[in-house]
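Visitor: sequence plus predicted model, see below.
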Amino acid sequence: MNRLGRDGRTVSRLWSVRKWVASRMGNTRHERRVAAIASALVKIFQPLHTLTRADLRLLRLAALVHDVGRCVSDKHHPSIGARMILDNAALPLRKRERRALAYLTLHHRGQDRDVRGGAILRSRDDASRLLMLLAFLRAADALDSRSLPAPRLQFALRGRRLRIACRFRGDSDKVRRAFSRRKKFRLLEKMFDCRVEVAIEIQRRLRLVA
C-alpha cells in the first residue's frame, strides 16, 4: 500500500511538472522525447553505474524542465530556467529535488569545467551522482531537436564503446550538423571512460512507379 501510494505521488508530481512546463512552452514533445532517450541510456549503461529508480525519476523530471527558460530567452535559458525552478514555490518538489533540478537545468549546456554546483547545491547533496545524471541529460538532449524531425535511434554498447545510429528519412545539411556535434557526449565519455560514436543514416523514400 505504501509503495503504491509513493508511485501515485510520483506520477502526480511528474504530471504537475509537465503541466507547468507546457503552460510556458506550449507543449512538451521535445522534453518527453529527451526523457525517453535518457531513460534508454541509463538502461544501456546499467552494468557501469549504481543509479537507483529514484535517480531515474529525477532524471525524467530534469528532462521535462531543462529548457523551460526558453520561454524568456533562448540564449540564456539554462540560467533563467534554473532560477524559475528555484523561485516557483508552487512546483511540488522537495528542497533537495528542487536544487538538483535547478543544477541540472543550469548545466545541461556548457563546458565540463563549469559544472560546479556551489551556487545551488549543498554539502549534503550527492554532487557526483548528479554529475552522472547530467551526463545522461546532455547526451539525450543532443539526440533530439525542437526544430528537426526526431530520428529513429538504435544503441549498441560493446565494452566501452557506444554506437548510436540516428536514422532519418530525407537528407539535409542541417540534420547532419545538428546530430553530429560531439561536445554534449564528452561528459558521458568522461564519466564512464567510454567512446561515443554517432552514425547518421539517411533512409531514402522509395518512389512507386505505376
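Guide: In hand now; what should we look at? Numbers count the residues shown, from 1 in each chain.
Visitor: surely Leu121 meets Arg129?
Guide: No. Look at Leu121 against Arg129 with Cβ atoms under 8 Å: they stay out of range, at 11.1 Å. All C-beta atoms are positioned from the backbone trio N, CA, C, and that covers glycine.
Visitor: who's in contact with the residue nearest to Arg169 when sequence neighbours are not counted?
Guide: The shortest distance from Arg169 to any residue that is not its chain neighbour, by Cβ to Cβ, 6 or more residues apart in numbering, is 5.2 Å, and that residue is Gln203. Residues counted as contacts of Gln203 (Cβ atoms under 8 Å, 6 or more residues apart in numbering) are 167-169.
Visitor: at 10 Å what do you get?
Guide: 152, 167-171 (Cβ atoms under 10 Å, 6 or more residues apart in numbering).
Visitor: what do Leu121 and Arg129 both touch?
Guide: Looking at what touches both Leu121 and Arg129 (by Cβ under 10 Å, 6+ apart), the common residues are Ala100.
Visitor: avg pLDDT for whichever strand or helix holds Leu61?
Guide: Under the criterion DSSP states H and E, the helix or strand holding Leu61 is helix 53-65. Per-residue pLDDT over helix 53-65 has a mean of 97.
Visitor: buried residues in that helix?
Guide: The neighbour-count criterion (16 or more other Cβ atoms under 10 Å) identifies 55-65 as the buried residues of helix 53-65.
Visitor: now swap in stretch 184-202 and tell me
Guide: 184-185, 187-189, 191-192, 194, 196, 198, 200.
Visitor: over to stretch 163-180?
Guide: Counting neighbours by 16+ other Cβ under 10 Å, the buried set in stretch 163-180 is 164, 166, 168, 175, 178-179.
Visitor: what distance separates the start and the end of it?
Guide: 13 Å (Cα to Cα, to the nearest Å).
Visitor: what of stretch 116-124?
Guide: Counting by Cα to Cα, you get 15 Å between the two ends of stretch 116-124.
Visitor: off-centre distance for that stretch?
Guide: Here the centre of mass of C-alpha atoms in stretch 116-124, compared against the chain's by Cα atoms, centre = their mean, to the nearest Å, lies 20 Å away.
Visitor: and if you look at stretch 22-35?
Guide: With Cα atoms, centre = their mean as the basis, stretch 22-35 stands 12 Å off its chain's centre.
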